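Engineer: structure for the following, please:
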Amino acid sequence: MINLTQYEEKLKKNNIDNCYIFCGIDEELIKENIKNLLETVLNKDFIDLNYVKIDGNTLDSFDKVINACETLPFMSDKKVVLVYRSNFLDEGEDNNKKKLFNELKEYVKSVPESCILIFYYIFKNKREKPSKKIYALDSKCTVIKADKIYGKALEMKVKSIFDKKDKNIGNVELKLFCSNIPNDMGILENEVEKLCCYTIDRDIKREDIYAMYPKKNDDDIFDLVDFIGDKKVKDALKVLNELIYKGEDIPVIIYMIERQFKLLYNIKQYIEDGKDKNFIASKIKLPNFIIERLIRQSKKFTLKQIKGALYICLNVEEKIKSSSLDKKTEMELLIIETITA
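Structural biologist: Numbering: from 1, shown residues only. A predicted model of the protein is given here:
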């Protein structure tokens, strides 16, 4: 298994393999790297004739992939077949997923030299790791773990997006922006656009970034509430322990969970009243990418469950304030009670 830097080095040397599997949480980052491969191997004049995309989510037979690979390229040495969102590469063991994986494992041994076959699988959350299936394919094709870029590399990437829009951003503001936005290329590009519009006739100030974006720990709260909705006690407790390890106070964590459920309650009501995303965003006044995540998350709960979660939060908050009970234990009980309610 290689990382993106190693993959980029291979591309620069024109060292092209004929089967790739990308995995990671950032779909836009993966798409960008696949695009670089396409530009390296395909003539742009014939790209539509030599590039086949297949939805891995709806794939029920591997024959479609084989047929696409076995068809000769048009006026080119190579063609590319992409199976995107290949969810049969997760840990799931239902019959169709097992069948597709076994057919893939067999076929990668005989992909024609005239074809480059690419799969990508998107992790469901930032804690997910490559599955046993992906590791099993590592010796048969090139597997790339598309980890997010961080630090200076991320700042340089984001700075290049601002530069394309002829917008200047200082180093301090750039660091602050990168530290407050989810590390996802699709979201970053959208939020750069919004920040440019927000500060259209002036330089970007720190106050603009503070005004537009929430604190990073909100990401962990999203994950925690997601795991509560999925009834995954172990994963939810793991996120709780990570927050405590980072130095977040228990009362603050309770407040953040309570705030999250209040947002979900409001959004759930708006959705049941038939309101769309734009209306909800105008009322709740949060960035669109957060509204989209909240809408997705709200589907994991009923209004009754959200009310119950809020009641449990208030109850635990009172207990912690008025007694000498162990705060961490009470938080763990809060999570367990919310999941089993």
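Engineer: can we go C-alpha only for contacts and neighbour counts from here?
Structural biologist: Will do.
Engineer: how about the contacts made by the residue nearest to residue 326 when sequence neighbours are not counted?
Structural biologist: Closest residue to residue 326 apart from its sequence neighbours, by C-alpha to C-alpha, 6 or more residues apart in numbering: residue 320 at 8.0 Å. Shown in contact with residue 320 (C-alpha atoms under 8 Å, 6 or more residues apart in numbering): 326, 327, 330.
Engineer: my read is that the second one contacts residue 252, right?
Structural biologist: No: the pair residue 327 and residue 252 fails to qualify as a contact (C-alpha atoms under 8 Å) at a distance of 11.7 Å.
Engineer: and those two? which has more neighbours close in?
Structural biologist: residue 327 (18 against 10; other C-alpha atoms under 10 Å).
Engineer: list the buried residues in stretch 225-233.
Structural biologist: Using 16 or more other C-alpha atoms under 10 Å as the test for burial, stretch 225-233 gives 225, 226, 227, 228, 229, 231, 232, 233.
Engineer: no, scratch that, I was asking about stretch 125-144
Structural biologist: 130, 133, 134, 137, 138, 141, 142, 143, 144.
Engineer: so which of the residues you listed belong to helices?
Structural biologist: Counting by DSSP state H, these place 133, 134, 137 in helices.
Engineer: below-threshold pLDDT in the protein: ranges please.
Structural biologist: Confidence mapping of the chain against pLDDT under 70 gives the ranges 214-218, 341.
Engineer: hey, where'd the strands end up in this structure?
Structural biologist: With strands called from DSSP state E, the chain shows them at 2-3, 19-24, 51-55, 79-84, 115-122, 142-145.
Engineer: turn the ones you listed into JSON lines, columns for distance to residue 107.
Structural biologist: Shown next, in JSON lines, are the strands of the chain (distance: least, C-alpha to C-alpha, whole Å):
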{"stretch": "strand 2-3", "distance to residue 107": "22"}
{"stretch": "strand 19-24", "distance to residue 107": "10"}
{"stretch": "strand 51-55", "distance to residue 107": "16"}
{"stretch": "strand 79-84", "distance to residue 107": "13"}
{"stretch": "strand 115-122", "distance to residue 107": "10"}
{"stretch": "strand 142-145", "distance to residue 107": "14"}
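Engineer: can you tell me which of these is nearest to residue 268?
Structural biologist: strand 115-122 (26.7 Å; C-alpha to C-alpha).
Engineer: strands paired with the closest one, and their directions?
Structural biologist: When pairs are called by DSSP bridges, strand 115-122 turns out to pair with strand 19-24 (parallel), strand 79-84 (parallel).
Engineer: then the last one to PDB, C-alphas only?
Structural biologist: This file holds the C-alpha atoms of strand 79-84, laid out as PDB (Å, rounded to 0.1, in the frame of the first residue of the first chain):
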ATOM      1  CA  LYS A  79      -8.400   3.300 -22.000                       C
ATOM      2  CA  VAL A  80      -9.500   3.800 -18.400                       C
ATOM      3  CA  VAL A  81     -12.300   2.100 -16.600                       C
ATOM      4  CA  LEU A  82     -13.300   3.700 -13.200                       C
ATOM      5  CA  VAL A  83     -15.600   1.900 -10.700                       C
ATOM      6  CA  TYR A  84     -16.400   4.700  -8.300                       C
END
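Engineer: which other residues reach that strand?
Structural biologist: So strand 79-84 is contacted by 38, 42, 50-57, 65, 68-69, 72-73, 114-121 (C-alpha under 8 Å, 6+ apart).
Engineer: can you tell me which of those are buried?
Structural biologist: Buried among the contacts of strand 79-84 by 16+ other C-alpha under 10 Å: 38, 42, 50-52, 54, 56, 65, 68-69, 73, 114-121.
Engineer: OK, contacts around residue 156?
Structural biologist: Here residue 156 is in contact with no residues (criterion: C-alpha under 8 Å, 6+ apart).
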